[in-house]
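K.L.:
Sequence first, predicted coordinates after that:
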Amino acid sequence: MNNNISLDTVWMYWEQGFKNAPELVKFCKKSWEKYADNKIIFLDKDKLEDYLPKDEIEPLFDKGVHIQIRSDLIRLKLLLRYGGVWTDSTVFCSEDYHSWLLKEIHPFPVWRPKRDRLIASWLVFSKPGDQILKLIHKHLWDIVVKKKYRVWEDTDSKILKNFRKWTRSYFKRAYRLHGADEYAEVISLFSRMPLIRLFSGYPYLVFHYTFAYINWKSGGKKDKKDNISGKDSIALQQYLRVEKGDSKEKILSIVAKSPVHKLAHSMEINKKVLNLLGSPRSQSLIE
């Protein structure tokens, strides 16, 4: 195991190896390399044993473990053991993270990316042994590895589908009546064992719901005004993927509002836009 890891070390993971990754992933990888120097660790399935015990890795690759939950548990294990910065391989970094991320004391710098989640799990920063991450890890490990429950999509039944349809309608009304705080707290109940046992499975966003539940029960803050805006951090993806926009001025104005931008590996971004985002001139405009 490697113990010479500083708090500003960046962790990135692509299960099949970065050589085989989509071009967008390689682009995001370069955006972090620019600021991390040699303090960046690129992991794939075969390299995990360099940093984690074999008996902690093997259960994650059981047939029933969803790839997203596997990735969630990998990031939790690495940060609990070593600390540092976890970024998903589809996150574009447009500003030196040393100037903003290392000032954060909360493990989730991006707040409220969508109405049904308080935090973004694609960017996590912590010291070794963070208590919030410990609680999330324990819960996920128990339901996924020990009890071998599967994500809901793999165990759907007619009853479950009807229940989910009803709850979505109910939660929409709750959101309109009470706002985002109560909505996140109520929906966090989907991470609790009674519902998981009842439906023999857990929701895809169990990581987020588990955090929301912990935050609720601990009396944690409901609004992190000093954190990165979740809305701003996904605006670039919205513009490029949904609106199919390619305006240079619009792209630069979006990028200037957030130091990180969550994209998706399935996105097809033309080279003109990638060159714009990666050019020194665009960086100077952002700064």
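P.N.:
Right, received. Where do you want to start?
K.L.:
Can you report phi and psi for E243?
P.N.:
E243 has phi and psi values of phi -90, psi -10 when expressed as degrees, to the nearest 10.
K.L.:
For it, the count of nearby residues, please.
P.N.:
Neighbours of E243 under the rule other Cβ atoms under 10 Å: 10. Just so you know, the C-beta spots here come from the backbone N, C-alpha and C atoms, and that holds for glycine as well.
K.L.:
gap between it and F27?
P.N.:
For E243, the distance to F27 (Cβ to Cβ, to the nearest Å) stands at 20 Å.
K.L.:
go on, I254?
P.N.:
In terms of Cβ to Cβ, I254 sits 16 Å off from F27.
K.L.:
swap in E58?
P.N.:
E58 sits 32 Å away from F27, going by Cβ to Cβ.
K.L.:
got the CA coordinates for the helix or strand encompassing F42 in CSV?
P.N.:
Assigned by DSSP states H and E, F42 belongs to strand 40-43. Taking C-alpha atoms only, strand 40-43 is exported to CSV below (Å, rounded to 0.1, in the frame of the first residue of the first chain):
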residue,chain,number,x,y,z
ILE,A,40,-2.8,12.6,-9.5
ILE,A,41,-3.5,8.9,-9.5
PHE,A,42,-5.3,7.2,-12.4
LEU,A,43,-6.9,3.9,-11.4
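K.L.:
how far does the next helix or strand along the chain from that strand sit from the chain's center?
P.N.:
Later in the chain than strand 40-43, the nearest helix or strand by DSSP H and E is helix 54-57. Counting by Cα atoms, centre = their mean, to the nearest Å, helix 54-57 is centred 22 Å from the centre of its parent chain.
K.L.:
what sits up against helix 54-57?
P.N.:
With Cβ atoms under 8 Å, 6 or more residues apart in numbering as the test, helix 54-57 has contacts from L48, E49, K77.
K.L.:
Would you mind putting these into a markdown table with neighbour count and distance to A264 alongside?
P.N.:
Shown next, in a markdown table, are the contacts of helix 54-57 (neighbours: other Cβ atoms under 10 Å; distance: Cβ to Cβ, whole Å):
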| residue | neighbour count | distance to A264 |
| --- | --- | --- |
| L48 | 21 | 24 |
| E49 | 13 | 29 |
| K77 | 20 | 24 |
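K.L.:
related to what we said a few turns ago, higher neighbour count, E58 and F27?
P.N.:
Neighbours per residue, other Cβ under 10 Å: of E58 and F27, the larger number sits with F27, 19 against 12.
K.L.:
Then the more buried one would be within a helix, right?
P.N.:
Yes: applying DSSP: H, G, I helix; E, B strand; the rest coil, one finds F27 inside a helix.
K.L.:
how much space between the residue nearest to it when sequence neighbours are not counted and L123?
P.N.:
Spatial nearest neighbour of F27, chain neighbours left out: L274 (5.6 Å); criterion: Cβ to Cβ, 6 or more residues apart in numbering. Relative to L123, L274 is positioned 21 Å away (Cβ to Cβ).
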